[in-house]
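Q: Output the structure for:
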Amino acid sequence: MNWKVRAVMAFAKQIGFGWRAKALAACLAAPLKLAGPRAAVAMKNIDIVFPELSPAEKRKILRESYDNLVWTGVETLAQQRDPASRQAWVHEVEGREHFEAAMKEGKGIIGLAAHIGNWELAASILASYVPITAVIRNPDNSFYCELVEATRESAGIKTLDKRAPMIRGVSALRRGEVFGIMPDQHGGAEGIAVPFFGVKTSTLPGPAVFAYLTGAPIIPIQLARLAPFKFKMIIDQPIEWKKLKDKESTIMDITVKANRCIEKMIMRAPGQWLWQHRRFREIT
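A: I've put the predicted structure just below:
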């Protein structure tokens, strides 16, 4: 492990919940909002999704998005001090019965998630109860990449690069694991064009493909922040689908439904989504 990563992980164990976390968040939030990385991209996305909002309301969503990024980082580090404490940060669970029923099927669960709320903590909490493998795209920055991997490893989260052979994901589901996928970013050349907030844009069909291959249920999972270190976990009903005339049309139909689920997550907490990604590249 890189010495810088070791240093940050050691520092993380000193943060915990309390004034240190608040101080760190304040130190990070001010320069982040001042610099406004990818603010123009975020505002274009917000304009597309919420054309009816006033400029002030749109700027509020952007500010909240930066705050969410900061607290996601601080909370992810703070759990290193006492990993068991993260379970107490979830004050409410909605839809637990959907998760429990799906686990009893014995086919594993395709966890449909998005870069909203604290997505890293959501995986950590689930990993406390069931084995979880998350599909990831490694960050370009090597230090950040190793740091994120270290926090995931400490939480017991197994990871799978999105370019890895598909059979590894199938194997995880056959072992009865939760197989987490976040297909809310632009799918590039690998994606298929389906509507997202009314815009036909490239979307990664991963959840649909694995559901088609294994029959595993797709369950939308969201960890919405109520306040720093205070969350509500929302587990929606499994996506209902059936095989259509061919594989391609079935996968497209499931992907359309998955996008609707992600739209629902974003509408619940607009300020907690990662607006800074070029999600609508076809028109921006």
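
Q: which parts of stretch 16-27 are buried?
A: Gly16, Phe17, Ala21, Leu24, Ala25 (16 or more other C-beta atoms under 10 Å). Where C-beta positions appear, they are placed from N, C-alpha and C, glycine not excepted.

Q: what's the closest of the residues you listed to Ile125?
A: Nearest to Ile125 among the buried residues of stretch 16-27: Phe17, at 15.1 Å, using C-beta to C-beta.

Q: how near is that closest one to Gln79?
A: 9 Å (C-beta to C-beta, to the nearest Å).

Q: ok, now Lys60?
A: Counting by C-beta to C-beta, the gap from Lys60 to Gln79 is 28 Å.

Q: likewise Lys257?
A: 33 Å.

Q: Stretch 155-173: end-to-end distance?
A: This stretch, stretch 155-173, spans 20 Å end to end (C-alpha to C-alpha, to the nearest Å).

Q: can you map out the helices along the stretch 151-284 of the chain?
A: For the stretch 151-284 of the chain, the helices defined by DSSP state H, counting those that start in this stretch cover 166-174, 206-214, 247-268.

Q: Packed most tightly, which of the ones you listed would that be?
A: Most buried of those by mean neighbour count (mean count of other C-beta atoms under 10 Å) is helix 206-214; its value is a mean of 22.

Q: Let me see the confidence value for Leu126.
A: On pLDDT, Leu126 comes in at 94.

Q: try the one 4 residues further on
A: We have a pLDDT of 95 for Val130.

Q: Please apply the same query to Glu149.
A: Glu149 is assigned 89 on the pLDDT scale.

Q: The helix or strand encompassing it: which residues count as buried?
A: For Glu149, the host element (DSSP states H and E) is helix 142-154. Neighbour-count burial for helix 142-154, counted by 16+ other C-beta under 10 Å, picks out Glu146, Leu147, Val148, Glu149, Ala150, Thr151, Arg152.

Q: try stretch 60-73
A: Within stretch 60-73, the residues that count as buried by 16+ other C-beta under 10 Å are Ile61, Leu62, Glu64, Ser65, Tyr66, Asp67, Asn68, Leu69, Val70, Trp71, Thr72, Gly73.

Q: can you list contacts of it?
A: For stretch 60-73, the external contacting residues (C-beta atoms under 8 Å, 6 or more residues apart in numbering) are 25, 28-29, 32-33, 36, 39, 42-43, 46, 50, 53, 117-121, 225, 228, 270-276.

Q: residues contacting the closest residue to Arg81 other than its chain neighbours?
A: Take Arg81 and drop its neighbours on the chain: the residue closest to it by C-beta to C-beta, 6 or more residues apart in numbering is Gly16, 4.2 Å away. Gly16 is in contact with Ala78, Arg81, Asp82, Ser85, counting by C-beta under 8 Å, 6+ apart.

Q: Which of those residues ranks first by neighbour count?
A: Counting neighbours by other C-beta atoms under 10 Å, Ala78 leads these with 27 neighbours.

Q: show me the contacts for Ile132.
A: Shown in contact with Ile132 (C-beta under 8 Å, 6+ apart): Gly111, Ala123, Leu126, Gly156, Ile157, Lys158, Glu177, Val178, Phe179, Gly180.

Q: Model confidence at the fourth one, what's the number?
A: Yep, that's Gly156 we're talking about. pLDDT, read off for Gly156, is 92.

Q: and the closest residue to it other than its chain neighbours, what is it in contact with?
A: Nearest residue to Gly156 in three dimensions, chain neighbours excluded: Ala127, at 4.3 Å (C-beta to C-beta, 6+ apart). Going by C-beta under 8 Å, 6+ apart, Ala127 touches Ala155, Gly156, Ile157.

Q: cool, Ile254 as well?
A: Going by C-beta under 8 Å, 6+ apart, Ile254 touches Pro205, Pro207, Ala208, Ala211, Tyr212, Ile218, Ile239, Trp241.

Q: Tell me how many other residues surround the last one.
A: In other words, Trp241. The local packing of Trp241 (other C-beta under 10 Å) involves 19 other residues.

Q: Report the contact partners of it.
A: Neighbour list for Trp241: Ala208, Ala211, Thr250, Asp253, Ile254, Lys257 [criterion: C-beta under 8 Å, 6+ apart].
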